[in-house]
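Participant: Build me a model from this:
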Amino acid sequence: MRFLPFLLLFVFLIPEASAQESYTFSIARIKYDGGGDWYSDPESLPELLSFVRRETLIDVSPKEEVVELSSDNLFSFPYVYLTGHGNIRLSESEALRLRSYLEQGGFLHIDDNYGLNAHIRREINKVFPEREFVEIPFEHEIFHSAFDFNNGLPKIHEHDNGPAQGFGLLDDSGRVMVFYSYESDLGDGWEPQAVHEKPEALRQAALQMGANILVYAMTN
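Facilitator: Residues are numbered from 1 along each chain as shown. Sure thing, here's the model as predicted:
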């Protein structure tokens with residue numbers, strides 16, 4: 001099944017529904033094995049979801065869930081998020097389930113919090129050994145779905161002096177199934193300003209780019 005119920009999400013918020021804490025959908029953070037800190041930047045997703053609810057008409061729950069790839073709950077989330085600094089290990093069954101999830105219309109955003117790159121590329125190769133990450137061109141919809149980023153992914157946190165890059169794993173139709181934000185560290189920018197002391201303009205850029213990714217995921 002594809003996530004067809006989630007394609008028409010630009011709905012006006014109804015006060016009664018809000019009062020009952022009823023939302024069209026929720027997103028989840030992936031909990032993984034291997035020793036990496038899957039839980040890093042703990043305030044980032046709530047801040048992003050608050051921004052998305054305020055600045056777009058997407059009716060997403062303001063609270064993130066946590067899901068393991070071995071759980072059947074995975075298929076109830078149209079968008080899942082994965083971050084960390086270190087190692088990640090997917091079992092064979094987890095790789096197969098993630099592949100099934102993505103092929104059925106799910107979307108994965110990988111946000112390298114520094115030190116994840118070699119490990120995540122190795123593990124994603126288990127999921128799709130026949131596909132490779134490609135750099136997403138600046139004119140792609142993901143950079144313009146809600147806010148315009150004419151120069152691509154914003155650089156939020158400096159690690160190795162490299163440019164911020166957005167990579168994608170595409171399905172046969174050209175849909176981005178996996179978006180990989182590299183050398184950007186969007187999660188640092190999503191967290192409250194007091195945590196990483198980022199300039200407000202940079203934090204807004206991170207939140208706007210995060211909103212773009214979520215809007216793209218929910219409309220493709």
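
Participant: how far does whatever helix or strand residue 194 lives in sit from the chain's center?
Facilitator: Take DSSP states H and E as the rule and residue 194 turns out to sit in helix 193-196. With Cα atoms, centre = their mean, to the nearest Å as the basis, helix 193-196 stands 21 Å off its chain's centre.

Participant: now the helices for the protein?
Facilitator: With DSSP state H as the criterion, the chain has helices at 15-19, 44-55, 92-103, 117-127, 186-190, 193-196, 200-219.

Participant: contacts for the shortest one?
Facilitator: Counting by Cβ atoms under 8 Å, 6 or more residues apart in numbering, helix 193-196 makes contact with 43, 157, 188, 189, 200, 203, all of which sit outside it. Using the backbone N, CA and C atoms, a C-beta is placed for each residue, glycine as well.

Participant: how about those, which pair is most distant?
Facilitator: Comparing all pairs in the contacts of helix 193-196 by Cβ to Cβ, the longest separation belongs to 43 and 200, at 16.1 Å.

Participant: what about those two, which has more around it?
Facilitator: Remark: of residue 43 and residue 200, residue 43 carries more neighbours, 13 against 8, as counted by other Cβ atoms under 10 Å.

Participant: just to revisit the earlier point, the helices of the chain: which one's closest to residue 149?
Facilitator: Nearest of the helices of the chain (Cβ to Cβ): helix 200-219, 6.1 Å.

Participant: hmm, who's touching that closest one?
Facilitator: Contact partners of helix 200-219, identified using Cβ under 8 Å, 6+ apart, comprise 6-7, 9, 25, 27, 47-48, 51-52, 55-56, 58, 60, 78-79, 107, 109, 141-147, 149, 153-154, 156, 176, 179, 181, 184, 186, 188-190, 193, 198.

Participant: Buried among those? Make that a PyMOL selection.
Facilitator: PyMOL command restricting the contacts of helix 200-219 to the buried ones, with burial defined by 16 or more other Cβ atoms under 10 Å:
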select buried, resi 6+9+25+27+47+48+51+52+56+58+60+78+79+107+109+142+143+145+146+147+149+153+154+156+176+179+181+184+186+188+189+190+198
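
Participant: Sort out for me which of the contacts of helix 200-219 are in strands.
Facilitator: Within these, residues falling in strands by DSSP state E are 79, 107, 109, 176, 179, 181.

Participant: Indicate which one of the helices of the chain is closest to residue 64.
Facilitator: Short answer: helix 44-55, nearest of these by Cβ to Cβ, at 4.2 Å.

Participant: what about dumping the CA coordinates of the closest one to PDB?
Facilitator: Written as PDB, here are the backbone C-alpha positions of helix 44-55 (Å, rounded to 0.1, in the frame of the first residue of the first chain):
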ATOM      1  CA  SER A  44      14.800  19.300  17.300                       C
ATOM      2  CA  LEU A  45      11.800  17.500  16.000                       C
ATOM      3  CA  PRO A  46       9.300  19.100  18.400                       C
ATOM      4  CA  GLU A  47      10.600  22.500  17.300                       C
ATOM      5  CA  LEU A  48      10.400  21.600  13.600                       C
ATOM      6  CA  LEU A  49       6.800  20.200  14.000                       C
ATOM      7  CA  SER A  50       5.800  23.400  15.800                       C
ATOM      8  CA  PHE A  51       7.200  25.500  13.000                       C
ATOM      9  CA  VAL A  52       5.500  23.300  10.300                       C
ATOM     10  CA  ARG A  53       2.100  23.600  12.100                       C
ATOM     11  CA  ARG A  54       2.500  27.300  12.400                       C
ATOM     12  CA  GLU A  55       3.900  28.100   8.900                       C
END
